[in-house]
Each structure stands twice: as structure tokens, then as C-alpha cells.
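Participant: can't give you the sequence, but here's the structure:
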DNA sequence: GGAACTCGCCAC
DNA sequence: AAACGTGGCGAGTTCC
């Protein structure tokens, strides 16, 4: 580790400790109310489930043993041994999986109740329970660890502030609805846009990727959606179906590929979005509608993709093109980087951290990106914390989520804070670290005064 | 009765 | 050649 790397950890710990001590306000009354609602729903839905024929079968299969609808081993045994259904997937230890996708693939409607109860219990017993357990004088004080992840990023615990629900609107409203700024203050969240993609580009310097990152008119995910779905023109804003196609390309192809996944797994993910039947054919009855009310299934069939086998071949070609034609320089960097590690037994990040020991190929390619990306956030946080203390802001840094910072802002200071954030993240940081050869982008989301974190909204910077 | 394990699922 | 990276946490279960 270089001295620079050591300093990052040292000053990082001090800055994060200040955020930990500051804490995040929790509306415990709201949390209690939601806990009651969840408990009521859980009890009702459990009752409904217990009365189904499916559940009565399960009970009788157990003999004298008592049913526990939360027990995955029990459910697995019933589904795959008693009923002899074919597991969609096996667990690490070789048992039939009972995860969401596996249960959905069985097409048993009673299992949807079970899945919904699972979600409600997670909200109550994981997230709300953490608030009740960890709140002190109206605040939670999440810890940020710099000594745990092998990649030299951070983790958070007691409570973990880095995995609060956000994608599911219902879960988001309950959990983030509990979290507030101090009275008469407002939450501000700033986050780097596409940070890991940009940091990866600093390592491999692929010209096509550099163009995607520098030219705001080009869009990698839209381009990939067009290629995957045989669409000439894709305007994500206009048609909901098109937006979903872009999302699916991003979340089920591009990012998994960057993490080291391969096309056969991508097919699984994409099929879910566009409802490719689990058997062999595309379904017309549901799925996404394109222009002229053409279903995605029909559209794909017109382009020669009529079965899972076709789609698999198609995605293999797409993957091949992705690495060999679209990002060949990125691909060559991966190979060089991996070879160099095999020769040396270690590699160094841009930020001065050395990773050594036994690692797999994907690890060696991912760690330097994941680590250095977080260090951009940490450097910015240290600098903003320093200014905050120096200038005696009433505004406080209260949290951090890998590529974002949460502030509890005094409204009169908002404009001033935004100006500092913008300068530190997009000017001072690239100036300090010459290896950053791409522009950095930062997005800003604010909540109105006294509103919870559930209501954050993007703002355009006018500073 | 607690430690260690498996499994599932939330985030980036 | 190989096949999704990093975490935390809860419930159920098994082991000692």
C-alpha cells in the first residue's frame, strides 16, 4: 500500500466517524404504524395460504411434523421430493431452489402468496427491526467499515445503511419513509453517474467506451437494446415498452457482462423481462408492446428468433460482437491484466492499494475498478467533510453508499453546499488524480424540508 | 443453548 | 479457459 492509500484510509475513517456520530433521524412512530400494517397483512395472507389446497397437501405430506411456511428445506422437500416437480435451479449444496424465480417458474398461483409474505416479512423483520433496535435519541448511527471488503471499498452495519429498499416502490415508501433530516432541514443525496463504468475506462482506455462516456448524445444501453431486439430506432422516453427494453439490456446484459457473466445467463435474465416462455416459444399473449401494437414476441419471431435455442444463439453472437467488435481494447486489457496478475501474484489499483493472494479471473478484473471507484467517493467525502468543519456548516454529512453521499442540509445553505459538491467531485478530484482521464458526472436529489428520504427528487444544477 | 452453516434477498 | 463482483442480515437448521 502506498502512503497515499494509507492517507485515504486514515482521513476516510475520521470523516466517516463524524457521519456516524451525527446519525440519521428515524420516525419511530411511523415505523411502528407500518409494522402494525405489515403484521396484519402477513397474518391475513398466511391465513389465506393455509386454506389453499396446495397448503393442505403440504401439511398432509408432513405427517406428524408441523408445517412452517418460512422453512425453505420443508418447501423444497414438498415441491421436489413429494410432488416430484422439476427444480428450475439447484442451490449451492445441490438442493432444489426455492428462490423467487424458481417458485415463479413452477406456475403455482398459491406460491405467489408465499412469495408476497416473504417480502412483507423481510421489510418488518430486517429493516424495521433494525430501526427499533439501533435507534438512539431519535437517530440511527450506521457504521462504515473500511477494513472488511477485499476490494477496499466500504461496508456498513448496525444498521446496514447501504441496502435500504429503493426499487420496489412499496418497500421504499415504508423503509425510506422512516428516515429524515433534522427538523426544518432537508435531505440531499449526491451520486456519481456510471462511476464504475468510467473508472473501468480509465484502466482499459477503450476508444468506443471513452466516446460513450464523453459524448452525452451516445448511449451504450440503448445501442445494446437496439442490437438485442432488432430495433432501428429506440426512443426510451416515448414508449414504456422501449424503456423496458433498454433497462433489460442494461441490467441483464451489459452490467452482468462487465462483472464477468456470459451469454447463457444473460438469456435467463432477458427472458424474464420479455416473457419468453420457459418452454420453447415466445408468448404473444403478454410481454412488451412495440409501435403499431406489435408484441415483442411476434417482432422477434419475424427476425428469426422463435425459440429459446434461437435466442441463445443470438445472444452468443451479441456477446461475441460486444467484446470483439464493440470493445476490443477493453477485452485486450482484461486479458493483459489477468496475465500480469498470474505472473506477479498481485496487482495495484490506481489509488495505491495492492491486492495479492489467490484470486479468480473475474476478481482480478473487477476489484481494481470497484475499489478505485469507491475511492473517488471517499476522496470527495473527506474533502467535503474538511470544508464542512472548516466553514462551520450547520449542514452535515450523514451517510455514504459506495458512490453517493447523503447530507442533512440547512435550507439556507443548500446552494452553497451544492456548489462545493460540484467543484470537489467534478473538478478538484480529477485534478488531484491524473489517472482520471474521463469526465465525472454527479447527480443531485433533494427532499423538501421535513420530507422523508422516500420523496427525493432529481434537481437540475443551476449553480 | 450457542456457534456455524445454508438459503434467500436487499443494496451498489 | 471459464462462466456475476462486493457486502449485511434474518430465519431455519444442524452440530457440539
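Facilitator: That came in fine, so what should we check first? From a predicted model like this one, the values you see are computed outputs, not experimental measurements.

Participant: Need the nearest residue in space to residue A:108, chain neighbours excluded.
Facilitator: Distances taken as Cβ to Cβ, 6 or more residues apart in numbering place residue A:54 nearest to residue A:108, at 6.4 Å, with adjacent residues excluded. Any C-beta I mention is one placed from the backbone N, CA and C, and that applies to glycine too.

Participant: And for residue A:250?
Facilitator: Using Cβ to Cβ, 6+ apart, the closest residue to residue A:250 is residue A:221 (4.0 Å).

Participant: Does anything pack onto the helix or strand where that neighbour lies? Which helices or strands?
Facilitator: Secondary-structure assignment from DSSP states H and E places residue A:221 in helix A:220-229. Helix A:220-229 is packed against helix A:240-249, helix A:296-302, helix A:308-321, with contacts defined by 3 or more Cβ pairs under 8 Å, 6 or more residues apart in numbering; DSSP states H and E.

Participant: helix or strand for residue A:144, which one?
Facilitator: In the assignment (DSSP H and E), residue A:144 maps to strand A:143-145.

Participant: can you tell me how far the residue nearest to residue A:108 sits from DNA strand B?
Facilitator: 17 Å (Cβ to the nearest atom of the strand, to the nearest Å).

Participant: before we move on, the earlier item: give me the buried stretch members for whatever helix or strand comes next after the strand holding residue A:144, please.
Facilitator: Using DSSP H and E, the helix or strand that follows strand A:143-145 in sequence is strand A:155-157. Across strand A:155-157, burial judged by 16 or more other Cβ atoms under 10 Å covers residue A:156.

Participant: now stretch A:349-363
Facilitator: Buried residues in stretch A:349-363, counted by 16+ other Cβ under 10 Å: A:349-353, A:355, A:359, A:363.

Participant: Output those of the residues you listed also counted as contacts of DNA strand C.
Facilitator: The overlap between these and the neighbours of DNA strand C (Cβ under 7 Å from any atom of the strand) comes to residue A:363.

Participant: From the buried residues of stretch A:349-363, pick the one nearest DNA strand B.
Facilitator: The nearest member of the buried residues of stretch A:349-363 to DNA strand B, counting by Cβ to the nearest atom of the strand, is residue A:363 at 14.6 Å.

Participant: and the closest one, what are its phi and psi?
Facilitator: phi -60, psi -50 (degrees, to the nearest 10).

Participant: Which pLDDT value belongs to it?
Facilitator: Listed pLDDT for residue A:363 reads 91.

Participant: Next, find the distance separating it from residue A:370.
Facilitator: Counting by Cβ to Cβ, to the nearest Å, the separation of residue A:363 from residue A:370 is 10 Å.

Participant: Strands of the stretch 301-450 of chain A, residue ranges please.
Facilitator: Along the stretch 301-450 of chain A, counting by DSSP state E, counting those that start in this stretch, strands occupy A:346-348, A:354-356, A:396-400, A:404-409, A:442-446.

Participant: Save these as TSV, and put in mean pLDDT and distance to residue A:65 too.
Facilitator: TSV is the format used below for the strands of the stretch 301-450 of chain A (pLDDT from 0 to 100; distance: least, Cβ to Cβ, whole Å):
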stretch	mean pLDDT	distance to residue A:65
strand A:346-348	94	52
strand A:354-356	93	48
strand A:396-400	96	45
strand A:404-409	96	47
strand A:442-446	95	50
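
Participant: picking up where we left off before, residues of the strand holding residue A:144 that come out buried?
Facilitator: In terms of neighbour count (16+ other Cβ under 10 Å), strand A:143-145 has its buried residues at A:143-144.

Participant: residues contacting the residue of the stretch 201-350 of chain A found nearest DNA strand C?
Facilitator: Proximity of the stretch 201-350 of chain A to DNA strand C (Cβ to the nearest atom of the strand) peaks at residue A:262, 3.0 Å away. For residue A:262, the contact set (Cβ atoms under 8 Å, 6 or more residues apart in numbering) comprises residue A:319.

Participant: From residue A:250, how far off is residue A:260?
Facilitator: Counting by Cβ to Cβ - residue A:260 and residue A:250 are separated by 17 Å.

Participant: quick one: contacts of the strand or helix carrying residue A:129?
Facilitator: Here residue A:129, judged by DSSP H and E, is contained in helix A:129-134. Contacting residues not belonging to helix A:129-134 are listed as A:26, A:28, A:31, A:35, A:140-142, A:158-160, A:178 [Cβ under 8 Å, 6+ apart].

Participant: now for the residues you listed, which pair is the farthest apart?
Facilitator: Within the contacts of helix A:129-134, A:35 and A:141 form the most distant pair, 21.0 Å apart (Cβ to Cβ).

Participant: Of all the strands of the stretch 301-450 of chain A, which one is nearest DNA strand B?
Facilitator: Smallest distance to DNA strand B across these (Cβ to the nearest atom of the strand): 6.6 Å, for strand A:404-409.

Participant: For the closest one, name the packing helices and strands.
Facilitator: Using 3+ Cβ pairs under 8 Å, 6+ apart, the elements in contact with strand A:404-409 are strand A:24-26, strand A:186-192, helix A:361-390, strand A:396-400, helix A:414-423.

Participant: please redo it, this time with the cut-off set to 6 Å
Facilitator: strand A:186-192, strand A:396-400 (3 or more Cβ pairs under 6 Å, 6 or more residues apart in numbering; DSSP states H and E).

Participant: From residue A:124, how far out is the residue nearest to residue A:140 when sequence neighbours are not counted?
Facilitator: The shortest distance from residue A:140 to any non-neighbouring residue, by Cβ to Cβ, 6+ apart, is to residue A:134 (4.8 Å). Using Cβ to Cβ, we find residue A:134 at a distance of 15 Å from residue A:124.
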